[in-house]
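J.: test case, fold it:
(one chain, ligands or ions: 1)
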Amino acid sequence: MKKGAKVRAAAIGEGLKVKVYPDPALKMPAENVRRFDAELSLFVEKMRVTMEMYEGVGLAAPQVGILEKIALVSWEGFFYVLINPRILEEEGSQEGDEGCLSFPGIYASVKRPARIRVAAMDVNGTERFYDVDGFLARAFLHEMDHLEGKLFIEYLSTLKRGMIRKKMFKRAMEEDR
Ligand SMILES: [Zn+2]
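T.: Residues are numbered from 1 along each chain as shown. The predicted structure follows:
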């Protein structure tokens with residue numbers, strides 16, 4: 001945790017860059033945030049700016065290489081900060097297209113619960129509850145998965161997942177050249 005906070009402080013100074021699959025940070029589970037201080041607020045603000053720059057609906061800290069349970073969602077003019085989030089209830093199911101800033105240009109249909117109740121801390125360490133459904137529930141779940149090192153391609157068929165992985169590995173190799 002101390003190590004994580006130090007890494008985060010350095011990241012604030014340098015500016016944030018969204019990591020693209022197969023970056024190993026995307027597969028690692030994040031740790032709970034324990035200190036709600038000015039530096040955390042600063043980091044969340046940096047994440048928000050980064051998310052807007054990349055025109056994302058959501059962004060999770062592991063996507064910028066910080067293994068802490070911090071996720072943001074921006075939807076229909078509302079901005080949600082989910083720190084140490086947990087699902088309390090889930091109900092029904094929905095299917096729809098999902099994209100991810102760590103998989104640029106890739107979209108795939110994913111099955112998720114239709115409605116969820118989530119508890120999460122805000123930047124001040126106050127616990128808040130969210131009852132969300134439809135696309136917003138999907139966005140919450142997608143970002144919360146990132147905090148466990150889980151990616152949306154893991155919900156796809158082996159064939160579809162294989163095709164996306166191949167495309168992403170090819171892209172990474174071309175960028176390394
Ligand atoms: Zn994502």
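J.: excluding chain neighbours, give the residue nearest to Arg115 in space.
T.: Spatial nearest neighbour of Arg115, chain neighbours left out: Asp133 (4.2 Å); criterion: Cβ to Cβ, 6 or more residues apart in numbering. Where you see a C-beta, it was placed from the backbone N, CA and C, and this is true even at glycine.
J.: so the one you found makes contact with Arg112?
T.: No - the criterion here is Cβ atoms under 8 Å, and Asp133 misses it with Arg112 at 10.5 Å.
J.: Val118 in helix, strand or coil?
T.: Here Val118 is strand, with the state taken from DSSP: H, G, I helix; E, B strand; the rest coil.
J.: just checking, next helix/strand downstream of the least confident helix or strand in the chain by mean pLDDT?
T.: Across the helices and strands of the chain, mean pLDDT, DSSP states H and E gives its lowest value to helix 2-14, namely a mean of 64. Sequence order places helix 38-53 as the next helix or strand after helix 2-14, per DSSP states H and E.
J.: next, the buried residues of that next one.
T.: Neighbour-count burial for helix 38-53 flags 40, 43-44, 46-47, 50-51 (criterion: 16 or more other Cβ atoms under 10 Å).
J.: do you know how far Glu31 is from Arg8?
T.: 11 Å (Cβ to Cβ, to the nearest Å).
J.: hmm, I was thinking of Arg35
T.: Applying Cβ to Cβ to Arg35 and Arg8 gives a distance of 10 Å.
J.: so which of those two has more stuff around it?
T.: Arg8 (22 against 9; other Cβ atoms under 10 Å).
J.: in its sheet, what does the longest strand along the chain sit against?
T.: Taking DSSP state E as the criterion, the chain has its longest strand at strand 78-91. Strands that pair with strand 78-91, judged by DSSP bridges, come out as strand 70-75 (antiparallel), strand 115-121 (antiparallel).
J.: residues in contact with the closest residue to Asp23 other than its chain neighbours?
T.: Spatial nearest neighbour of Asp23, excluding adjacent residues (Cβ to Cβ, 6+ apart): Ser102 at 7.3 Å. Contacts for Ser102 were tallied using Cβ atoms under 8 Å, 6 or more residues apart in numbering; they are 18-21, 23, 26, 63, 151.
J.: gap between Ser102 and Val18?
T.: 6 Å.
J.: anything in contact with each of the two?
T.: Gln63.
J.: any stretches of the protein with poor pLDDT?
T.: Across the chain, residues meeting the criterion (pLDDT under 70) sit at 1-6, 9-10, 12-14.
J.: middle-most residue in it, spatially?
T.: Ala60 (2.8 Å; Cα atoms, centre = their mean).
J.: beta partners for that residue?
T.: Ala71.
J.: then Phe103?
T.: If you apply DSSP bridges, the partners that Phe103 bridges to are Cys100.
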